[in-house]
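Trainee: Build me a model:
(2 chains)
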Amino acid sequence: KNQVEQSPQSLIILEGKNCTLQCNYTVSPFSNLRWYKQDTGRGPVSLTIMTFSENTKSNGRYTATLDADTKQSSLHITASQLSDSASYICVVRNSGGYQKVTFGTGTKLQVIP
Amino acid sequence: DAGVIQSPRHEVTEMGQEVTLRCKPISGHNSLFWYRQTMMRGLELLIYFNNNVPIDDSGMPEDRFSAKMPNASFSTLKIQPSEPRDSAVYFCASSPLTATNEKLFFGSGTQLSVL
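Mentor: Numbers count the residues shown, from 1 in each chain, chains lettered A, B, ... in the order given. Model prediction:
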């Protein structure tokens, strides 16, 4: 069964600090992995996409990594800001048939002043 | 581009009533998805349309749920009769869905409360 597990479930950090969110998946065959950011009361918005051949990708203060061998991904946030407070959802697509993605349940991040 | 537009933003209804949620996808996108989000289960796919045709409705909880997409610019999700356990946030998402791009664009959701 395709599964995506994220940790921690929730996290509180001080403004300006760094943090790392984890995503482990069992989706197979693997196509790509996306990290979405979901602000309170809004729909998720894609932050970055990782394909099989990519190990690291940055988008501003966000850096995603992918280890396709161990089926793990991480999202590192540098110099956190209050606006980073949101849920971060890991979504993995498989390559079989039509569009098929598996969602993680997310990590709820709270950045406090 | 206005993005994916959902209505209403909030819906409060009594058990047994019919509820209709509406969605306008991004123009040019060929795929539309209805998701339900709860604290316990996260985002769950209910149904997926491609070119207005339902492709996968295996996530629809039961016969009380139905979805239609009469044209490329409009879709509805109907719950009849509604039950308290249907309370959740319902998201509509659209996607260009090509071989290289399956990025989902979400609406702001409908917060449904069934009393």
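Trainee: Would stretch A:43-51 count as contacting chain B?
Mentor: Yes. Against chain B, stretch A:43-51 shows contacts by CB under 8 Å from any CB of the partner chain at A:G43, A:P44, A:V45, A:S46, A:I49. Bear in mind the C-beta positions are built from the backbone N, C-alpha and C, glycine included.
Trainee: And the contacts of that stretch?
Mentor: With contact meaning CB atoms under 8 Å, 6 or more residues apart in numbering or on different chains, stretch A:43-51 is reached by A:31-39, A:57, A:59, A:62, A:64-66, A:73, A:75, A:88-89, B:4, B:43, B:91, B:93, B:103-104, B:106-109.
Trainee: same check, this time on stretch B:24-38
Mentor: In contact with stretch B:24-38 (CB under 8 Å, 6+ apart) are residues A:99, B:1, B:3-6, B:21, B:23, B:43-51, B:67, B:69, B:72-75, B:77, B:88-97, B:104-106, B:109.
Trainee: Just the buried positions in that stretch, please.
Mentor: By 16 or more other CB atoms under 10 Å in any protein chain shown, the buried positions in stretch B:24-38 come out as B:K24, B:P25, B:I26, B:H29, B:S31, B:L32, B:F33, B:W34, B:Y35, B:R36, B:Q37.
Trainee: now the first one, which residues is it bridged with?
Mentor: Same thing as B:K24. B:I5 (DSSP bridges).
Trainee: pLDDT score for it?
Mentor: On the pLDDT scale, B:K24 is placed at 98.
Trainee: need the residues of chain B near chain A, please.
Mentor: So far as CB under 8 Å from any CB goes, chain B lies against chain A at B:4, B:31, B:41-45, B:48, B:50, B:55-56, B:91, B:93, B:95, B:97, B:102-104, B:106-109.
Trainee: run the last query once more with 10 Å
Mentor: B:3-4, B:6, B:9, B:31, B:33, B:35, B:37-45, B:48, B:50, B:55-56, B:89, B:91-93, B:95, B:97-109, B:111 (CB under 10 Å from any CB of the partner chain).
Trainee: Tell me how far the nearest residue to B:V19 once chain neighbours are set aside lies from A:K1.
Mentor: Taking CB to CB, 6 or more residues apart in numbering or on different chains, and ignoring the residues beside it in sequence, B:V19 has B:I79 as its nearest neighbour in space, at 4.5 Å. B:I79 sits 27 Å away from A:K1, going by CB to CB, to the nearest Å.
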